[in-house]
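> generate coordinates for the sequence data below:
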Amino acid sequence: MKGGANAGVVVVVLIAMAMFVAISADHIDQVCAEVQSLQARIDSLSALRQSQDVFRVTMTAYTKSVDETDSDPNHTAIMREGVPGWTAAVSRDLLEAGLVFGTRIWAEGVGVFEIADVMNARYRNRIDVMAGTKKQARKFGVRENILVVRIKGDR
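Numbers count the residues shown, from 1 in each chain. All right, here's what the predicted structure looks like:
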């Protein structure tokens, strides 16, 4: 009887081990699938960043005034009338990097804008959004390290 009882325990232990291995194999497959999915997402985000669609910039605000623009403050560089809360000016390096006139951008925590103006040559890696008043522009302040994404479908 003693030998038969031990054999029963061995069988139960073997069944439990087989179930554990099967469950572990399923779990490992799930984890591997999740890792592959995350790697694909990382690759996708890396490709997006390398394609110059994503920028980190300094953002400021400006108004339609001669002391902040040129002698024709009502018109942007592409001869459109600037619209506060919609019009944006970019530094020349960003213009050369693909943020060209007519491009729409999304700025994290700020909003959506259309590039219609260019900034003075002394500025680099900067976007200036048009504000309605000098008070609004001052309140906007200088915002560093803002994530900006070129909206797909635009130039």
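> shaky segments in the chain?
1-5, 24-28, 31-32, 35, 42-52, 70, 153-155 (pLDDT under 70).
> quick one: Glu144 and Gly109 touch, right?
No - Glu144 is beyond contact range of Gly109, at 12.0 Å (criterion: Cβ atoms under 8 Å). Where C-beta positions appear, they are placed from N, C-alpha and C, glycine not excepted.
> pull out the buried positions in stretch 137-148.
137, 140, 143, 146, 148 (16 or more other Cβ atoms under 10 Å).
> in stretch 68-82, which residues are buried?
Those would be 68-69, 76-77, 82, for stretch 68-82 by 16+ other Cβ under 10 Å.
> what's the farthest-apart pair in those?
For the buried residues of stretch 68-82, the farthest-apart pair by Cβ to Cβ is Glu68 and Ala77; their separation is 13.9 Å.
> what about the helices in this protein?
2-50, 92-96, 134-140 (DSSP state H).
> which other helices and strands contact the second one?
Just to be clear, that refers to helix 92-96. strand 111-118 (3 or more Cβ pairs under 8 Å, 6 or more residues apart in numbering; DSSP states H and E).
> then the strand it packs on to PDB, C-alphas only?
Backbone C-alpha positions of strand 111-118 (Å, rounded to 0.1, in the frame of the first residue of the first chain) are rendered in PDB as follows:
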ATOM      1  CA  GLY A 111      -2.900  74.200 -29.300                       C
ATOM      2  CA  VAL A 112      -3.000  74.000 -33.100                       C
ATOM      3  CA  PHE A 113      -1.500  76.700 -35.300                       C
ATOM      4  CA  GLU A 114      -0.700  77.400 -38.900                       C
ATOM      5  CA  ILE A 115       2.800  78.600 -39.900                       C
ATOM      6  CA  ALA A 116       2.400  81.900 -41.800                       C
ATOM      7  CA  ASP A 117       5.300  84.000 -40.600                       C
ATOM      8  CA  VAL A 118       9.100  83.900 -40.000                       C
END
